[in-house]
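**Student:** what shape does this take:
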Amino acid sequence: MEFFNKVGKAALGSRLRLMTAAITDDASKIYELYGVEFVPKWFPVFYTLAEEREITITEIALEIGHSQPSVSKIMRELIAAGLVEEIEKADDKRKNNIILTPKGVAISQVFKHQLQDIDVAIEEMILQSKHNLWAALEEWEFLLSQKSLLKRVSEQKKKRESKDVEITAYKPQYKQAFKELNVEWISKYFEMEEADYKALDNPEDYILNKGGKILVALYDNEPVGVCALIKMNDSEYDFEMAKMAVSPKAQGKNIGYLLGKEILKTAKEMGAKKVYLESNTILKPAINLYYKLGFEKVFGLSTPYKRCNIQMELIIE
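**Tutor:** Residues are numbered from 1 along each chain as shown. Down below sits the predicted model:
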């Protein structure tokens with residue numbers, strides 16, 4: 001227990017495995033106590049069959065939440081032990097049902113008393129405990145079905161690493177990074193176009209000197225993300241959010257979201273009421289990010305980019 005106290009909640013899996021091993025070891029001895037030759041891992045499959053019905057391996061797997069190969073392996077072991085047998089399915093000759101043998105039926109009768117005793121013993125433990133483990137397991141199963149532990153840890157990783165990301169204003173020293181980060185992703189999915197070269201080769205003249213802004217994301221003092229706010233000559237929109245790029249080696253740190261939030265905050269500070277952007281639907285993470293930032297789809301504006309197949313706007317309040 002000292003190890004678990006030292007490591008903390010990160011050792012949850014190890015601690016559960018230790019408890020599972022102890023319970024499984026006791027389970028084997030409990031079967032012996034009732035004079036039954038039985039392997040604990042057989043129980044979910046056997047119990048399903050003991051409900052006095054004919055059922056296929058596929059149906060058992062779906063019912064108990066195991067994989068079909070796992071159920072098939074257990075079924076072969078149960079057949080070898082003489083507890084179950086296969087019979088031809090009346091309405092489908094290609095499939096077999098599984099039923100208990102007379103030996104299996106006899107054991108299932110013993111199980112009725114065994115399960116009653118186990119249920120009472122566990123209920124006593126629940127009453128002696130401060131926390132109801134059985135109810136807690138049900139809650140945890142629900143929570144994990146809504147969002148996996150992997151997803152939860154990934155979110156915490158993003159939050160922690162995003163604290164080390166610094167969003168700063170563009171400086172001439174970031175000119176090369178601004179171009180390279182954009183060329184990298186554009187060239188991966190599409191072809192560079194004339195409008196790209198205009199913005200990336202001359203960001204000062206094309207963006208900054210016309211009233212726009214460029215922000216740079218630094219991680220360990222290295223530029224790993226960029227995003228531009230381009231002044232638009234349009235009666236409907238004040239700025240276009242464009243040229244957002246994040247280095248592949250820095251993805252997963254929430255950098256795109258941080259850049260987007262900061263660039264929109266900058267737009268608001270500059271008096272913008274509406275921001276526009278163009279993208280392509282094959283860039284699913286980017287599209288999801290834009291929706292997360294509050295953008296909505298619009299139609300009908302002219303575009304200088306061949307790759308553009310979706311246009312979006314954000315009303316700043």
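**Student:** pLDDT weak spots in the stretch 201-317 of the chain?
**Tutor:** Counting by pLDDT under 70, the stretch 201-317 of the chain contains no low-confidence range.
**Student:** how's the chain carved up into domains?
**Tutor:** 34-146, 159-315 (automatic domain parsing).
**Student:** quick one: which of the ones you listed is nearest K9?
**Tutor:** domain 34-146 (12.4 Å; C-beta to C-beta). (C-beta placed from N, C-alpha, C; glycine too.)
**Student:** where does the closest residue to L218 other than its chain neighbours sit: helix, strand or coil?
**Tutor:** Excluding the flanking residues, the one nearest L218 by C-beta to C-beta, 6 or more residues apart in numbering is E166, at 4.5 Å. At E166 the chain is in strand, as set by DSSP: H, G, I helix; E, B strand; the rest coil.
**Student:** could you pull out the helices for the stretch 51-200 of the chain?
**Tutor:** 57-64, 68-80, 102-128, 133-146, 149-162, 175-189, 194-201 (DSSP state H, counting those that start in this stretch).
**Student:** is it possible to export these to JSON lines including mean neighbour count?
**Tutor:** Formatted as JSON lines, the helices of the stretch 51-200 of the chain follow (neighbours: other C-beta atoms under 10 Å):
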{"stretch": "helix 57-64", "mean neighbour count": "16"}
{"stretch": "helix 68-80", "mean neighbour count": "16"}
{"stretch": "helix 102-128", "mean neighbour count": "12"}
{"stretch": "helix 133-146", "mean neighbour count": "11"}
{"stretch": "helix 149-162", "mean neighbour count": "12"}
{"stretch": "helix 175-189", "mean neighbour count": "16"}
{"stretch": "helix 194-201", "mean neighbour count": "16"}
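**Student:** identify whichever of the ones you listed lies nearest to A245.
**Tutor:** Of those, nearest to A245 by C-beta to C-beta is helix 175-189, at 3.9 Å.
**Student:** could you dump the closest one to CSV, C-alpha only?
**Tutor:** Taking C-alpha atoms only, helix 175-189 is exported to CSV below (Å, rounded to 0.1, in the frame of the first residue of the first chain):
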residue,chain,number,x,y,z
LYS,A,175,9.2,36.2,-40.9
GLN,A,176,10.9,32.9,-42.0
ALA,A,177,8.9,30.9,-39.5
PHE,A,178,5.6,32.5,-40.7
LYS,A,179,6.3,31.4,-44.2
GLU,A,180,7.8,27.9,-43.5
LEU,A,181,5.0,26.9,-41.1
ASN,A,182,2.4,27.8,-43.7
VAL,A,183,4.2,26.3,-46.7
GLU,A,184,4.5,23.1,-44.7
TRP,A,185,0.8,22.4,-44.2
ILE,A,186,-0.3,23.9,-47.5
SER,A,187,2.1,21.8,-49.5
LYS,A,188,1.1,18.7,-47.6
TYR,A,189,-2.6,18.9,-48.7
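**Student:** helices or strands up against that helix?
**Tutor:** helix 194-201, helix 203-206, strand 213-219, strand 222-231, strand 239-246 (3 or more C-beta pairs under 8 Å, 6 or more residues apart in numbering; DSSP states H and E).
**Student:** dump those into a markdown table; add distance to S70 as well.
**Tutor:** Shown next, in a markdown table, are the helices and strands packed on helix 175-189 (distance: least, C-beta to C-beta, whole Å):
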| stretch | distance to S70 |
| --- | --- |
| helix 194-201 | 52 |
| helix 203-206 | 58 |
| strand 213-219 | 43 |
| strand 222-231 | 44 |
| strand 239-246 | 41 |
